[in-house]
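[1] Return atomic coordinates for the entry below.
(chains A and B)
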Protein chains: 2
Amino acid sequence: MFNQLGVIGCGLMGGSFALAMKKAGLVRRVVGYSKSPSTTETARRMGVIDIAAESALLAVSGSDIVLVAVPVAATESTFKAIRHLVRNDVLLMDVGSTKSDVVDAARRALGKQFGSFVPAHPIAGKESAGVQHADAALYQGRQVILTPLEQTRAEMVQKATDVWSALGCQVLKMAPHHHDEAFAAVSHLPHLLAFAFFNAVARQPSGRDFLSLAGPGFRDFTRIAASDPAVWRDVLLANKSEVLAQSQRFKEALDELEALIKRGDGAALDALIRQAAEGRSQWSLSTPTGSSTSAKNK
Amino acid sequence: MFNQLGVIGCGLMGGSFALAMKKAGLVRRVVGYSKSPSTTETARRMGVIDIAAESALLAVSGSDIVLVAVPVAATESTFKAIRHLVRNDVLLMDVGSTKSDVVDAARRALGKQFGSFVPAHPIAGKESAGVQHADAALYQGRQVILTPLEQTRAEMVQKATDVWSALGCQVLKMAPHHHDEAFAAVSHLPHLLAFAFFNAVARQPSGRDFLSLAGPGFRDFTRIAASDPAVWRDVLLANKSEVLAQSQRFKEALDELEALIKRGDGAALDALIRQAAEGRSQWSLSTPTGSSTSAKNK
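    Residues are numbered from 1 along each chain as shown, chains lettered A, B, ... in the order given. Model (predicted):
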């Protein structure tokens, strides 16, 4: 049980964390700060936070758990703004979709308080950004990746594991660069492709007509194209080299399929599509079971 | 009300049509045929069809409505097999995802019975193929595109419109080549991209690990990669030139985003992502309202 949660960035991710912590009875009071005063005010009116702070630093004051939920490019300046009040007993976490850059920023900005910071990436979200879509159940049943470093205090890693587990998450740990490589493949690249695809369709002369004919397959394929632009701009830039490497692999796979279509090679085309279809049919979303990583660690 | 529906190809699409027609009380009896006898037998056991026919021709015998629901490349041979029993009062339709090639095949195979054929493409489906996933509600609330030609008998177009409307569909009419251009953009290309993307991720050395970390965004983006390989092999080959043209547009949009990422141009990247995100947020799946095309035509 924590006494006070400080949320910096009261958007979808930060707001949902606040609601989930309250619902789970894990925190007595939530103090929130957002760059935009109207967001902070909305969060307070909605009961997502109890007290609106006038600065990031004031949201940390008196908090024993702090969540930084800002676009990844704003992480370093946020850490700099709060470092003087990050005491040894404060659990500090982020929710960023990239981890190497966040870890580097934390190392630069937090100095000797770096050991209190547990980098976290909950694999959850929805296409509708903003505190008005905050949802106490957003993290329920999802994976959370923690990427602690050697200098991260073991006690803080344990606290972070316990918090996310209590919110119904499966907690995994991995190195920041491994995280960034994996998520370039399964998350950042699909977002990039969805943005490119939607723009390519919408921009053509008959784009409007075409869009009016699109069905459920299109709906699901493009859902992530509606994601928060600021968040994804930062993610794609922060994880540039891994994203471009994954895009290269993708373009090779696309070229291979196109070559088969061009020369009308039905058998080879069938084989490649079947590979994808069978692979995708066998895949399913990981959800916590009775034996989550954190449970095993206990 | 029809006396007998003949379904050729008792898979997801054909089976769902049979169930929907029965549920709507639009047909007294369903006779079905599939290339694989075990599929026909499963359809009969499940009550999707009432009588298993031993050939496509026998499924047409005595039917006043016939649905051909086979992979598009099998359309011509199917039409040839049944043409002798397609009388003037039989409404003949398909459900293929491409229309120009199907119309050409029908013209060649059906001869003077071409006027009975109403080319149809219901914008519905799911990633799980096969009669075991047939669903009376599959077409409910979906669009159906009819691409009648000058030679198509007006009476048949009206019957087709009435049938799909009665199943809860919004019926639109357009020229075959316009249909193929539009669906290359909003359906065929996304399938191609989803196949390429899934293979690109799964094939790399750490692909298995990466897949175990994928979240809800990945799940939705790749759902269509699990579609029926034979169906999509045929669609991509049949609509080759439109699909390749759309893929070219897509690759240009992707290259543009990649160039901005490479040179770290956050403002321009933000603008393009925002374009996609706003476009996608404004888009929604068309569903029939009180004023569907067919209602307006009445």
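
[2] drop to CA atoms for contacts and neighbour counts, all remaining ones
    Fine.

[3] What average pLDDT does stretch A:194-210 get?
    Averaged across stretch A:194-210, pLDDT comes to 97.

[4] And stretch A:103-120, by the same measure?
    Rounded mean pLDDT across stretch A:103-120 is 96.

[5] what's the span of it from first residue to last?
    10 Å (Cα to Cα, to the nearest Å).

[6] same question, stretch A:203-220
    Distance across stretch A:203-220, first residue to last, is 20 Å (Cα to Cα).

[7] Please enumerate residues in contact with it?
    The contact list for stretch A:203-220, computed with Cα atoms under 8 Å, 6 or more residues apart in numbering or on different chains, reads A:201-202, B:123-124, B:142-143, B:182-183, B:185-187, B:190, B:220-221, B:223-224, B:283-286.

[8] buried stuff in that stretch?
    By neighbour count on 16 or more other Cα atoms under 10 Å in any protein chain shown, the buried set for stretch A:203-220 is A:207, A:210-211, A:213-220.

[9] again with stretch A:31-46
    A:31-34, A:39-44.

[10] Output those in CSV; the columns should cover distance to B:Ser165.
    Listed next are the buried residues of stretch A:31-46 as CSV, based on distance: Cα to Cα, whole Å:
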residue, distance to B:Ser165
A:Val31, 55
A:Gly32, 52
A:Tyr33, 53
A:Ser34, 50
A:Thr39, 46
A:Thr40, 49
A:Glu41, 49
A:Thr42, 45
A:Ala43, 46
A:Arg44, 49
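
[11] Take the residues you listed and keep only those in strands.
    Among the buried residues of stretch A:31-46, the members found in strands (DSSP state E) are A:31-33.

[12] Strands of chain A, start to end?
    A:2-8, A:27-33, A:51-52, A:65-68, A:91-94, A:117-118, A:120-122, A:143-146, A:170-173.

[13] out of those, which comes closest to chain B?
    Of all the strands of chain A, strand A:143-146 sits nearest to chain B, with 7.7 Å by Cα to the nearest Cα.

[14] strands paired with that closest one, and their directions?
    Partners of strand A:143-146 in the sheet, by DSSP bridges, are strand A:120-122 (antiparallel), strand A:170-173 (parallel).

[15] Not counting the first one itself, show me its contacts.
    Surrounding strand A:120-122, the residues in contact under the criterion Cα under 8 Å, 6+ apart are A:93-99, A:139, A:142-147.

[16] quick one: contacts for the closest residue to A:Ile82 other than its chain neighbours?
    Closest residue in space to A:Ile82, ignoring its immediate chain neighbours: A:Leu57 at 4.6 Å, by Cα to Cα, 6 or more residues apart in numbering or on different chains. If a contact means Cα under 8 Å, 6+ apart, then A:Leu57 has A:81-82, A:85 as its contacts.

[17] Now do A:Leu57 against chain B, distance only.
    Remark: distance between A:Leu57 and chain B (Cα to the nearest Cα, to the nearest Å) = 27 Å.

[18] Give me the pLDDT for that residue.
    97.

[19] That one and A:Pro119, how far apart?
    Taking Cα to Cα, one finds A:Leu57 at 19 Å from A:Pro119.

[20] swap in A:Thr152?
    Distance from A:Thr152 to A:Pro119, by Cα to Cα: 9 Å.

[21] So which of those two has more stuff around it?
    For A:Thr152 and A:Pro119, the more surrounded residue by other Cα atoms under 10 Å in any protein chain shown is A:Pro119, and the numbers stand at 26 against 17.

[22] Could I get the contacting residues of that one?
    Counting by Cα under 8 Å, 6+ apart, A:Pro119 touches A:93-95, A:99, A:102-103, A:146-148.

[23] now do 6 Å
    Neighbouring residues of A:Pro119 by Cα atoms under 6 Å, 6 or more residues apart in numbering or on different chains: A:93-94, A:146-147.

[24] just the buried members of the residues you listed?
    Among the contacts of A:Pro119, those classed as buried by 16+ other Cα under 10 Å are A:93-94, A:146-147.

[25] got a markdown table for the strands paired with strand A:143-146, with distance to B:Ala253 too?
    Conversion of the strands paired with strand A:143-146 to a markdown table gives the following (distance: least, Cα to Cα, whole Å):
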| stretch | distance to B:Ala253 |
| --- | --- |
| strand A:120-122 | 29 |
| strand A:170-173 | 35 |
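
[26] Of those, which is nearest A:Leu260?
    Among those, strand A:120-122 comes nearest to A:Leu260, with 39.0 Å by Cα to Cα.

[27] Just the ones of the contacts of stretch A:203-220 in helices?
    Taking DSSP state H as the definition of helices, those contribute A:201-202, B:182-183, B:190, B:220-221.

[28] In those, find the pair that's most separated.
    B:Ala182 and B:Asp220 (21.9 Å).

[29] before we move on, back to that, export the buried residues of stretch A:31-46 to JSON lines and tack on pLDDT and distance to chain B?
    Putting the buried residues of stretch A:31-46 into JSON lines (pLDDT from 0 to 100; distance: Cα to the nearest Cα, whole Å) gives the following:
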{"residue": "A:Val31", "pLDDT": "98", "distance to chain B": "29"}
{"residue": "A:Gly32", "pLDDT": "98", "distance to chain B": "26"}
{"residue": "A:Tyr33", "pLDDT": "98", "distance to chain B": "24"}
{"residue": "A:Ser34", "pLDDT": "97", "distance to chain B": "20"}
{"residue": "A:Thr39", "pLDDT": "95", "distance to chain B": "20"}
{"residue": "A:Thr40", "pLDDT": "96", "distance to chain B": "23"}
{"residue": "A:Glu41", "pLDDT": "96", "distance to chain B": "25"}
{"residue": "A:Thr42", "pLDDT": "96", "distance to chain B": "22"}
{"residue": "A:Ala43", "pLDDT": "97", "distance to chain B": "22"}
{"residue": "A:Arg44", "pLDDT": "97", "distance to chain B": "26"}
